[in-house]
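Peer 1: Dropping the sequence and predicted coords here.
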Amino acid sequence: MGNNINKGLLGEEIASKYLISEGYKIIDRNYRTKIGEIDIIAIKSQILVFVEVKARTNIDYGYPYEAVNWKKQQKIINSSLIYLKQKNLNNHQVRYDIIEVFLSGETKINHIENAFCR
């Protein structure tokens, strides 16, 4: 697999297709603020879901979800609050998920719903 940027983009594409297949509607991707970035913003059953995607070819340095530490979670949460205000979506229920994409051999996906909360 190429560099980390290509791996990340591939992981996000795979995660987006997975979410669509599970009935989610993707409403934004790679939303950036001065604070941080949100990989995917989707909605399903009136729940607005902010998704962090972590793609890996191996687990030599730990599982992908382990890279979403407290500091990264705070960046995602604070960026999501900006998004909610900017798009006037304050009346939606919100959830924070992590999608792990394993790229070695057969691609595998692990969707962790409610991975963290604000």
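Peer 2: Yep, it's here. Fair warning: this is a prediction, and the values are worked out from it, not measured in the lab. Residues are numbered from 1 along each chain as shown.
Peer 1: CA only for contacts and neighbour counts going forward, please
Peer 2: Fine.
Peer 1: what about the residue sitting furthest away from the middle of the chain, distance to Q46?
Peer 2: Residue farthest from the centre of the chain, counting by Cα atoms, centre = their mean, is G105 at 22.2 Å. Remark: distance between G105 and Q46 (Cα to Cα, to the nearest Å) = 35 Å.
Peer 1: just to revisit the earlier point, pretty sure the residue farthest from the centre of the chain is in a strand, no?
Peer 2: No. Looking at G105 with DSSP: H, G, I helix; E, B strand; the rest coil, it is coil, so not inside a strand.
Peer 1: what are the phi and psi angles of it?
Peer 2: The phi and psi torsions at G105 (degrees, to the nearest 10) take the values phi 60, psi -130.
Peer 1: Return the residues in contact with it.
Peer 2: Shown in contact with G105 (Cα atoms under 8 Å, 6 or more residues apart in numbering): no residues.
Peer 1: Where does the prediction get shaky in the chain?
Peer 2: Counting by pLDDT under 70, the chain contains low-confidence residues at 1-2.
Peer 1: What segments of it are helices?
Peer 2: Here the chain has its helices, by DSSP state H, at 4-21, 70-86.
Peer 1: May I see those helices arranged in a markdown table, with mean neighbour count as well?
Peer 2: A markdown table is the format used below for these (neighbours: other Cα atoms under 10 Å):
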| stretch | mean neighbour count |
| --- | --- |
| helix 4-21 | 16 |
| helix 70-86 | 16 |
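Peer 1: now the ones you listed as JSON lines including distance to Y96?
Peer 2: Formatted as JSON lines, the helices of the chain follow (distance: least, Cα to Cα, whole Å):
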{"stretch": "helix 4-21", "distance to Y96": "14"}
{"stretch": "helix 70-86", "distance to Y96": "8"}
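Peer 1: For V101, which of the ones you listed is the nearest?
Peer 2: Comparing the helices of the chain against V101 with Cα to Cα, the closest turns out to be helix 4-21 (5.8 Å).
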